[in-house]
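Chemist: Give the three-dimensional model of this entry:
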Amino acid sequence: MEVHAGGFLRAREIVLDQALQHNGAELARILAHELFHFVWLRLGNRRRQDWEVVLRNELARKARGELGWSAEWRKARLNPADVSERSRRWREYACESFCDTAAWLWAGNGGHPEFTLKPRFQLDRRRWFQTLACHETAGFRV
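Modeler: This is a model prediction of the structure:
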């Protein structure tokens, strides 16, 4: 698995692959993803669990695909017990899905091969982020 970046939350650092400097759209998408790991950390349990409801609803509706590879490969490895027990595997998927969705919203540049989630589910995620934005700050736009 290829890694383009990594966030070190406690050190407040993000490390990016030097090759990204030659691809502005990909740099924006990956940097947005990494920045949203910091948002996830500060989101709080209630909002994180609200996001998990969105994901559980997708699974119940047999949603396939994701908005980034980091969430997609984790989603593929989930089993029903992971979801019902909120296992570490489930929580990591929820985090990566949140960050991939945020990157799709803010730096998605129209299309990307990793954007495989169907539009009807994309719309639900966009709406959730809009609701979050309304709660958090008036200047936050989706």
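Chemist: residues touching S87, list them.
Modeler: Contacts for S87 (Cβ atoms under 8 Å, 6 or more residues apart in numbering) come out as A81. Any C-beta I mention is one placed from the backbone N, CA and C, and that applies to glycine too.
Chemist: Ramachandran coordinates for it?
Modeler: phi -60, psi 170 (degrees, to the nearest 10).
Chemist: Spell out the secondary structure type for A32.
Modeler: helix (DSSP: H, G, I helix; E, B strand; the rest coil).
Chemist: any idea how far C95 is from it?
Modeler: Distance, A32 to C95, using Cβ to Cβ, to the nearest Å: 15 Å.
Chemist: With R127 instead?
Modeler: Distance from R127 to C95, by Cβ to Cβ: 20 Å.
Chemist: Those two: which has the busier surroundings?
Modeler: C95 (20 against 12; other Cβ atoms under 10 Å).
Chemist: my guess is the more buried one meets W40, correct?
Modeler: Yes - at 5.3 Å, C95 and W40 qualify as touching, with contact defined as Cβ atoms under 8 Å.
Chemist: Fine, thanks again, bye for now.
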